[in-house]
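A.B. asks: here is my input, please return the structure:
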Amino acid sequence: MIRYECLQLLASKMTDQLVVTSQSGQRIEWSHLSRHEGNLLVGMMGCAIGVATGLALALPHRKVIALDSDGSVLLSLFNLATLGNLRPKNLVVYVFDNGVYSGSRISYPTATSGNTDLAAMAQGAGIKNAQTIRDFEDFKKAG
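C.D. replies: Numbering: from 1, shown residues only. Coordinates of the predicted model:
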């Protein structure tokens, strides 16, 4: 599945949602795809889920979307436990997993390129509807 295609689909559906990204590839791609006023392009790894959770709790009348990466989630696993306990109904989190830190030619593998399953970890933290989507058609149905 190509992340850019997923982001294009999401961008086409934007109305008044708040979108939070972390410092990763999707932040750059999202900034080119969406000039939406509700974009918050966070410039640090590991912060998108936490910031998006805070926004969702503070603004329960707004839909909040977090666009994060495997490296960022691994950097701040505590966010899964927090999200699993708070469960804001207006928050959707997409984690794009390319199995490496960074996307350059000198990237190092993340734990998800081995045995680590982020969806299973999220479910273990209490995020009941966490799932792994590997196919664009399934992404369209889930989104």
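A.B. asks: so after the helix or strand bottoming out on mean pLDDT in the chain, what's the next helix or strand?
C.D. replies: Every helix and strand of the chain was ranked by mean pLDDT, DSSP states H and E. The lowest is strand 100-101, at a mean of 80. Elements were assigned by DSSP states H and E; along the chain past strand 100-101, the next helix or strand is strand 108-109.
A.B. asks: tell me which element the closest residue to residue 142 other than its chain neighbours is part of?
C.D. replies: Leaving aside its sequence neighbours, residue 142 sits nearest to residue 133 (Cβ to Cβ, 6 or more residues apart in numbering; 5.8 Å). C-beta here means a position set from N, CA and C on the backbone, and glycine is covered the same way. Using DSSP H and E, no element contains residue 133; it sits outside every helix and strand.
A.B. asks: how about the contacts made by residue 133?
C.D. replies: Contact analysis of residue 133 by Cβ atoms under 8 Å, 6 or more residues apart in numbering lists 1, 139, 142.
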